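Q: Here is a sequence with its predicted model. Questions after.
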Amino acid sequence: MMRFIAALLILISTSYSLAFNFSSPFNSEPEFLPVDQAFSLSVNSDTSGQVWATWHITDGYYLYRHQLKIDSQDEPSLQFADIPQGEIKQDPYFGEVEVYHHQLKLPLQVDESVLPNNINFTIRYQGCAEKGLCYPPQTVPMSAEFAKVTSSRLNDDVEPSTPATAFKPSEAQQVTSLISQSSFSKMLIVMFGLGLLLSLTPCVLPMIPIVSAIVVGSKAKGWSGLYLSAVYVLAMALTYGLIGALAGWFGTQLNLQAALQDPIILLLSAALFLLLSLSMFGVFDLRLPSTLQTRLDEWSNRSQNSRSKILGIFLAGIFATLVVSPCVSAPLAGVVLYISSTSDPLYGAAALFSMGLGMGLPLLLVGALGSKVLPKNGAWLEDIKKLMGFALLGLAIWLANRWISEDFHLWLWGLLSLGIASYFLHRTLTGHSHPVRWLFALSAIMIGFVEIIGATSGSHTPMTPLNQLSLNRAGEANPHAEVPYYRTIGSLEELKQIQTQSTLPIVIDLYADWCISCKITEEKVFKHPDVLPLLHQVTFVKVDVTDNNPKNQTFLKHFGLFGPPAMLFFNRQDDLLDNYSLVGEPTKDEVEARLQALLSNENNEKVYQ
């Protein structure tokens, strides 16, 4: 086992060294596209006679706003009618600048006194690659037939596909921008810090009972507890490193965590945690066959820790990372999307390995300090062991709830709380009375009854079980509201059908039953009184990727998404508005701002038609 772990460590350390570009079998030197492929420029006119200059910008490249110029040999008055604001970027060449990604479309305007006329002109622009290459300024000769525009759109309108609205970058975009501008060593520090921040989220919370149960169950003391938790954290970090390598190699379409959210796998995992919790309650002892146990005991006598125990902890770290906590938070989504654009598996492995170490630091503290603060023996050690059993039982519920009907969620949490209360009441009434035990008992009784009352009222949210009984206060989401989904789909073909039917802008909500953040977004954002009326003015579509079937994967690959939650915005012409997109759990302000801008642009478009 130790040889296996050592081999994995060597693999990761090799990833670090190769990422410094000392040597790499995958990508020793960055490959850059020719400038005309990185920035494909075309000039054409629409049905109204308006002439447009359009840049299709390849992923991983960006165009400078301040370098956009137009010169005309025949008519000096030719100019861009409107240049929209771009994204703010701290550029290594020009400092803080405005840039454009994906696509830029600009209208060309000329003095109507010379129309109609065929005009020769040149367009000047300059762009760079995210990996560090800055192309020289480009001068492209063009020619176009200018005629009078049939609608007054020049000064007030830019076609909806133009990123005319500048939003504050989302968390995913901020993380992507940060790591794309960082050196390799700085990126590792950033990723480690990002992991520390993620350790304070529900992504890591379910892992704490597992590590605690390992320390308590093994009765580890001193350095032994730190050692066992370090094995677990190493397995977790290596698993994230593998995810990063796969993202760099295959792109976003290969998502191990989503693939493992199969109901059979989840229910088997829940059953496993249920068995482990019963063993903590003393119902039975998990033992291997006597012959195998004898051999393992002999190996254990040669070393401080049993190899079977180390292997079990290592596998538990892998399992928990892939199955227990499949978080696709906004920062993690931003990282994975950037890694997938680099096509560098070694860079991806190193980045997510560093993030995994940051996420595991609190777990190391649990292992190191847990053995010191725990009693060495007696009644309190028995209480803590039972608490770990209830925590593992909670993990079983956590996993099963991803596929069990929401009507039963609060019932399960309420019964779990009453079970904890029953245990501590039994302890206090059988000669082990203590204020702390009474506190646990009374708190658990109160929480249990609140959860059950919430279940009977129709609530589905464990953290706010009484929301269905409360009156909607100003500035808060209305728990009684219905989210106005037009339809629930799961494939690209179904989306295309809706696009042919809808005359309104389309907004997509990417969802899965196992995505906790998706349900939080629905309750806290979509039902908010500031957002709900705006959703009624668009075609709001839920894309359910719970099954992660081939059609779901094709949809995710088409839009370059790693998994839910995410939101996509389309105008009435079915153009995807890239700069509107939200990846990860969105805030109410982010969703509201994009819906208002989308509807405002569409209303302006109607006025001109």
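A: Noted; the coordinates are in hand. Residues are numbered from 1 along each chain as shown.
Q: surely E87 meets E98?
A: Yes - assessed by C-beta atoms under 8 Å, E87 is found in contact with E98 at 6.7 Å. Where C-beta positions appear, they are placed from N, C-alpha and C, glycine not excepted.
Q: List phi and psi for H56.
A: In terms of degrees, to the nearest 10, the main-chain angles of H56 are phi -100, psi 110.
Q: same question, K542
A: Taking degrees, to the nearest 10 as the convention, K542 sits at phi -100, psi 120.
Q: Please report how far it lies from A566.
A: Per C-beta to C-beta, to the nearest Å, K542 is found 12 Å from A566.
Q: Which one's more surrounded, those two?
A: Neighbour comparison, K542 and A566: the larger count goes to A566, with 27 against 17 (by other C-beta atoms under 10 Å).
Q: Overlap of the contact sets of K542 and A566?
A: Residues touching both K542 and A566 (C-beta atoms under 8 Å, 6 or more residues apart in numbering) are I508.
Q: Model confidence for L337, exactly?
A: For L337, the pLDDT comes out at 66.
Q: So which elements touch the host helix or strand of T54?
A: For T54, the host element (DSSP states H and E) is strand 51-57. In terms of contacts (3 or more C-beta pairs under 8 Å, 6 or more residues apart in numbering; DSSP states H and E), strand 51-57 is packed against strand 39-45, strand 103-109, strand 138-146.
Q: Looking at these, spot the one closest to S269.
A: With respect to S269, and counting by C-beta to C-beta, the nearest of the helices and strands packed on strand 51-57 is strand 103-109 at 43.3 Å.
Q: Just give the strands next to the next helix or strand after the strand holding T54 in its sheet, each with its orientation.
A: Next along the chain after strand 51-57, taking DSSP H and E as the criterion, comes strand 61-64. Sheet pairing here is set by DSSP bridges, and for strand 61-64 it gives strand 95-100 (antiparallel), strand 127-129 (antiparallel).
Q: Give me the domain ranges for this structure.
A: Following automatic domain parsing, one gets these domains for the chain: 35-166, 174-287+297-402, 405-470, 487-608.
Q: need the least confident one among those domains, by mean pLDDT.
A: domain 174-287+297-402 - the lowest mean pLDDT of the domains of the chain, at a mean of 71.
Q: Please enumerate the helices of the stretch 451-600 of the chain.
A: For the stretch 451-600 of the chain, the helices defined by DSSP state H, counting those that start in this stretch cover 492-501, 516-521, 532-535, 550-558, 588-608.
Q: What count of nearby residues applies to F424?
A: Residues within reach of F424, counting by other C-beta under 10 Å, total 24.
Q: Show the contacting residues for it.
A: For F424, the contact set (C-beta under 8 Å, 6+ apart) comprises 383, 437-438, 440-441, 444.
Q: How is it assigned, secondary-structure-wise?
A: helix (DSSP: H, G, I helix; E, B strand; the rest coil).
Q: follow-up on the earlier one: can you say which of the helices and strands packed on strand 51-57 is nearest to V283?
A: strand 103-109 (61.7 Å).
Q: The helix or strand following that closest one: which residues count as buried?
A: Using DSSP H and E, the helix or strand that follows strand 103-109 towards the C-terminus is strand 117-125. Buried residues in strand 117-125, defined by neighbour count with 16 or more other C-beta atoms under 10 Å: 119, 121, 123, 125.
Q: what number of residues lie near L228?
A: Neighbours around L228, by other C-beta under 10 Å: 23.
Q: what's the helix or strand for it?
A: With DSSP H and E as criterion, L228 is part of helix 223-250.
Q: so what does that helix touch, helix or strand wise?
A: With 3+ C-beta pairs under 8 Å, 6+ apart as the test, helix 223-250 has helix 2-19, helix 207-218, helix 256-259, helix 307-319, helix 330-342, helix 345-373 packed against it.
Q: swap the cut-off to 10 Å and go again
A: Applying 3 or more C-beta pairs under 10 Å, 6 or more residues apart in numbering; DSSP states H and E, we find helix 223-250 packed against helix 2-19, helix 184-198, helix 207-218, helix 256-259, helix 307-319, helix 330-342, helix 345-373.
Q: mind listing what's buried in the second one?
A: For helix 184-198, burial by neighbour count (16+ other C-beta under 10 Å) applies to 187-188, 190-192, 194-196, 198.
Q: could you check the angle helix 345-373 makes with it?
A: Orientation of helix 184-198 against helix 345-373 (axes from the mean of the first three to the mean of the last three C-alpha atoms, to 10 degrees) gives an angle of 40 degrees.
Q: and what of the fifth one?
A: Between the direction of helix 307-319 and that of helix 345-373, the angle (the same axes, to 10 degrees) works out to 120 degrees.
Q: what's the distance between helix 307-319 and the middle of its chain?
A: 27 Å (C-alpha atoms, centre = their mean, to the nearest Å).
Q: Can you dump the C-alpha atoms of it in CSV for me?
A: Taking Å, rounded to 0.1, in the frame of the first residue of the first chain, the C-alpha atoms of helix 307-319 are listed here in CSV:
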residue,chain,number,x,y,z
ARG,A,307,-1.7,-1.7,6.3
SER,A,308,-5.3,-2.7,5.9
LYS,A,309,-6.3,0.4,8.0
ILE,A,310,-4.2,2.7,5.9
LEU,A,311,-5.6,1.3,2.7
GLY,A,312,-9.2,1.6,4.1
ILE,A,313,-8.6,5.2,5.0
PHE,A,314,-7.0,6.0,1.7
LEU,A,315,-9.9,4.5,-0.2
ALA,A,316,-12.4,6.3,2.1
GLY,A,317,-10.8,9.6,1.0
ILE,A,318,-11.2,8.8,-2.7
PHE,A,319,-14.8,7.6,-2.2
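Q: hmm, back to that, which one of the buried residues of helix 184-198 is nearest to G584?
A: Using C-beta to C-beta, the buried residues of helix 184-198 come closest to G584 at L198, 11.3 Å.
Q: wait, that closest one sits on G358?
A: Yes - L198 is in contact with G358 according to C-beta atoms under 10 Å; the separation is 7.4 Å.
Q: Quick one: the buried residues of helix 184-198 as TSV, columns for distance to V110 too.
A: Shown next, in TSV, are the buried residues of helix 184-198 (distance: C-beta to C-beta, whole Å):
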residue	distance to V110
M187	47
L188	52
V190	47
M191	50
F192	55
L194	50
G195	55
L196	56
L198	53
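Q: quick one: Q537 and R572 touch, right?
A: No - look at Q537 against R572 with C-beta under 10 Å: they stay out of range, at 11.9 Å.
Q: Looking at those two, which one has more neighbours?
A: In this view Q537 and R572 are compared by other C-beta under 10 Å, and R572 has more residues nearby, 19 against 16.
Q: S199 and L361, how far apart?
A: Applying C-beta to C-beta, the value for S199 to L361 is 7 Å.
Q: More neighbours: these two, which one.
A: S199 (18 against 14).
Q: Identify the residue spatially nearest to A271, adjacent ones excluded.
A: Spatial nearest neighbour of A271, excluding adjacent residues (C-beta to C-beta, 6 or more residues apart in numbering): A396 at 7.4 Å.
Q: Just confirm that neighbour is within a strand.
A: No - going by three-state DSSP, the assignment for A396 is helix, not a strand.
Q: Identify the residues contacting it.
A: Residues in contact with A396 (C-beta atoms under 10 Å, 6 or more residues apart in numbering) are 267, 269-277, 412, 416.
Q: circling back to that earlier point, go through the helices and strands packed on strand 51-57 and name the closest to M236.
A: Closest approach to M236 among these (C-beta to C-beta): strand 103-109, 39.0 Å.
Q: quick check: angle from that closest one to strand 51-57?
A: Using the same axes, to 10 degrees: strand 103-109 against strand 51-57 is 160 degrees.
Q: Just the buried positions in strand 103-109, please.
A: 103-109.
Q: mind putting the residues you listed in JSON lines, distance to S224 included?
A: Below are those laid out as JSON lines (distance: C-beta to C-beta, whole Å):
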{"residue": "Q103", "distance to S224": "58"}
{"residue": "L104", "distance to S224": "60"}
{"residue": "K105", "distance to S224": "63"}
{"residue": "L106", "distance to S224": "66"}
{"residue": "P107", "distance to S224": "70"}
{"residue": "L108", "distance to S224": "73"}
{"residue": "Q109", "distance to S224": "75"}
